[in-house]
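Enquirer: Just need the structure, nothing else, for what follows:
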Amino acid sequence: MTAGRATVILPCAGAGQRLGLPFGKELLPLGPGSTPLDEAISLLLPHACALRLVVVLGAGREATARHVVRKAAPASLPVAFITQLPGLTGSTGAVLSAKPWFAQRNLVLLPDQVLASPPRDLVASALDALSDAPFCFLASRQDDPAAITRDGALCISGAPARLLDYAEHPAVADAGRFNATWFGFGFRRDHADEALSLVHRAVTGGPVTTADVTASPLGGCPVIEAGPYRDLGTWAAVRAHWAATAPPEGKEAQP
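Expert: You can find the predicted model right below:
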């Protein structure tokens with residue numbers, strides 16, 4: 001029933017140690033009826049007939065699984081739950097754990113990255129890009145050196161944008177070389193091993209050079225641009241998000 005569909009992978013196995021929550025940070029309340037997980041799934045629902053969802057879980061994430069089912073079932077979005085394999089760390093380890101579920105086109109969304117104004121066509125644009133390209137990034141323009149050194153940094157150019165360079169957590173001295181940060185990516189199955197090995201090495205702190213990027217499926221790949229987003233991995237970011245989205249004083253939030 002899911003033949004021909006693209007696979008979307010949601011890594012939900014991280015411990016979220018910086019927040020110290022007794023549940024997964026993907027279930028952190030953002031407002032009435034909203035969590036980071038809801039924000040991620042809402043991007044998928046308009047395209048549910050073309051997708052299948054694979055959620056990578058860690059121990060004690062039963063509440064996350066139940067929440068996904070409640071949100072996906074009304075749209076008939078097929079869902080599978082898997083566990084992250086031992087020895088495969090980080091969000092990219094979760095993606096590699098889902099290898100048996102890879103489709104020809106695959107999209108990875110991080111459920112703790114929340115877009116300020118999610119474009120309705122974001123998923124469709126990424127999948128369209130993967131019709132021809134081996135890899136693509138979902139990204140936002142960024143000129144704050146602190147954000148660039150904290151997040152996955154990209155150097156992009158052109159319209160539509162293409163990737164010139166990529167680094168995870170670049171040094172402060174190198175921040176000026178980058179002008180965007182990523183919150184998701186996509187890849188084709190026939191280029192998965194080469195592309196994911198490089199991204200996984202970078203995410204887990206290994207060395208990646210500009211020459212490595214240029215020679216990989218990432219070199220010159222499309223970059224799907226969206227508006228600003230917030231990484232809700234720290235309490236400072238969570239409080240900033242709450243403040244930015246709180247209803248005006250004297251007004252109640254709409255359910």
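Enquirer: so where's the stretch 51-200 of the chain shaky on pLDDT?
Expert: Along the stretch 51-200 of the chain, segments meeting pLDDT under 70 are nowhere present.
Enquirer: all strands for it, in order.
Expert: Counting by DSSP state E, counting those that start in this stretch, the stretch 51-200 of the chain has strands at residues 51-57, 79-83, 105-109, 113-115, 135-141, 152-157, 162-168, 180-188.
Enquirer: In TSV: those, plus distance to Ile224 and mean neighbour count.
Expert: Quick note: C-beta positions are derived from backbone N, CA and C, even for glycine. As requested, these are exported to TSV (distance: least, Cβ to Cβ, whole Å; neighbours: other Cβ atoms under 10 Å):
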stretch	distance to Ile224	mean neighbour count
strand 51-57	16	24
strand 79-83	24	15
strand 105-109	10	25
strand 113-115	12	22
strand 135-141	5	24
strand 152-157	10	21
strand 162-168	11	21
strand 180-188	8	24
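Enquirer: quick one: which of these is nearest Leu37?
Expert: Within the strands of the stretch 51-200 of the chain, the stretch nearest Leu37 is strand 51-57; the backing value is 9.1 Å (Cβ to Cβ).
Enquirer: just to revisit the earlier point, and Ala73, which of the strands of the stretch 51-200 of the chain is closest to it?
Expert: Nearest of these to Ala73, taken as Cβ to Cβ: strand 79-83 at 8.1 Å.
Enquirer: for the closest one, packing partners?
Expert: With contacts defined as 3 or more Cβ pairs under 8 Å, 6 or more residues apart in numbering; DSSP states H and E, strand 79-83 has these neighbours: strand 51-57, helix 62-72.
Enquirer: same for the longest one, what does it pack against?
Expert: Here helix 62-72 is seen to pack against helix 36-44, strand 51-57, strand 79-83 when contacts are counted using 3+ Cβ pairs under 8 Å, 6+ apart.
Enquirer: any chance of the helices and strands packed on strand 79-83 in JSON lines, plus distance to Ala180?
Expert: Shown next, in JSON lines, are the helices and strands packed on strand 79-83 (distance: least, Cβ to Cβ, whole Å):
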{"stretch": "strand 51-57", "distance to Ala180": "25"}
{"stretch": "helix 62-72", "distance to Ala180": "29"}
